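Asker: sequence first, then the predicted structure, then my questions.
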Amino acid sequence: MKQFISDFNKLVKLRLTLTVVFSASISFLIGASQQGDIIWINWLILTIGGFLITGSANGFNEIIERDLDKLMKRTEDRPLPAGRMTTGQALVLSLFMGIFGTLLLVRLNFLAGLLSVFAIILYAFVYTPLKQKSPIAVFVGAFPGALPPLIGYYAAFKSAGFGFEYAAVSEAAIVITPWVLFLIQFFWQFPHFWAIAWVADEDYKRAGFRLLPTTKKDTISAWMIFISAVLMVPVGVLPMYYGFAGWVFTVVSLLGGLLFAYYGFKHVQERTDVTAKKVMFTSFIYLPLTQLVLLFDFIPLK
């Protein structure tokens, strides 16, 4: 049983899944604050549904990459390449999680459920095979990677088909707030994943993954990491610009963006794994911290 739990955690990429669920659950609470009614049972349903959806996408990803995972040190101990779980077992688990997770989210909000299905398809069946073909995979993968805030935010609202039952909710609250949250997470993924790709380049090459901008650890790839890090500065101001965040969030976001930019610039200068790791670790802290601060510094739109 202990081994199965360990293998299940590796199949669903537990740490990644929990990060995604955190992003969606915080966005749910922001959406609930907007419409003035936090229904905690719905938050729990979203958390469970979000976990199952993300676990499903990661499971399909590992099924597709099972032979490639054997080639990389960082993935060779996953249950499929290590032979501790069959493809059929992983497929049943992934299908169950995908179907049950979607049903849970559709129960909360139809649009949230629809977006979750789109996220699974785009991540597992478009982004995953693209990783071996072109660096554009990072751009494509950034779309499903940025959907959790949208899914979480919309799940806080009752839906009537594609619409929303809350007549008192402004159009800006339904469009601007969630899409700004989407944009922040979308742009965050470039310095995050390119820094990881730089650090793990040797391992990725064994599997034929082409994730750095030029597919090489060269000056252009370093500059792209720096530029994507700098972009986090203006992106972080968007919530205040559109009126749904205060100064506390904006200061924290700006400091985080400037730290991103500083380490990105150091990476351009030195182009080492050490400097890439600093960008990577900044990304680990930036997203959950800014999302948590936004929850407490959120200003509902009218």
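Answerer: Noted; the coordinates are in hand.
Asker: remind me which residues of the stretch 201-302 of the chain are low pLDDT?
Answerer: Applying pLDDT under 70 to the stretch 201-302 of the chain flags no residue at all.
Asker: so where do the helices sit in it?
Answerer: 201-207, 219-230, 232-235, 238-241, 247-270, 273-296 (DSSP state H, counting those that start in this stretch).
Asker: nearest to Ala173, of those helices?
Answerer: helix 238-241 (12.7 Å; Cβ to Cβ). Every residue, glycine included, has its C-beta placed from N, CA and C.
Asker: show me where the stretch 101-250 of the chain has strands.
Answerer: According to DSSP state E, counting those that start in this stretch, the stretch 101-250 of the chain carries its strands in the segments 159-160, 163-164.
Asker: need the least confident one among the ones you listed, by mean pLDDT.
Answerer: For the strands of the stretch 101-250 of the chain, the weakest mean pLDDT is recorded on strand 163-164, namely a mean of 54.
Asker: apart from its chain neighbours, what residue comes closest to the residue most central in space within the chain?
Answerer: Residue closest to the average C-alpha location in the chain (Cα atoms, centre = their mean): Gly145, at 3.6 Å. Excluding the flanking residues, the one nearest Gly145 by Cβ to Cβ, 6 or more residues apart in numbering is Gln189, at 5.1 Å.
Asker: from Leu231, how far off is the one you found?
Answerer: Noted for Gln189: a distance of 11 Å to Leu231, by Cβ to Cβ, to the nearest Å.
Asker: what do you get for Leu46?
Answerer: For Leu46, the distance to Leu231 (Cβ to Cβ) stands at 29 Å.
Asker: who's more crowded, the two?
Answerer: Per other Cβ atoms under 10 Å, whichever of Leu46 and Leu231 has more neighbours is Leu46, with 29 against 18.
Asker: right, and the helix or strand after whichever strand or helix holds the more buried one?
Answerer: Using DSSP states H and E, Leu46 sits within helix 40-64. Toward the C-terminus, helix 40-64 is succeeded by helix 66-69 as the next helix or strand (DSSP H and E).
Asker: returning to what we had before: hang on, the residue nearest to Gly145 packs against Pro144?
Answerer: No: judged on Cβ atoms under 8 Å, Gln189 makes no contact with Pro144 at a distance of 10.1 Å.
Asker: neighbour count for those two, which is higher?
Answerer: Ranked by neighbour count (other Cβ under 10 Å), Gln189 and Pro144 place Pro144 first, with 22 against 19.
Asker: who's in contact with that one?
Answerer: Ala57, Phe118, Ala119, Ile120, Leu122, Tyr123, Tyr127 (Cβ atoms under 8 Å, 6 or more residues apart in numbering).
Asker: tell me, how many residues neighbour Phe4?
Answerer: 12.
Asker: how near is it to Ser170?
Answerer: 48 Å.
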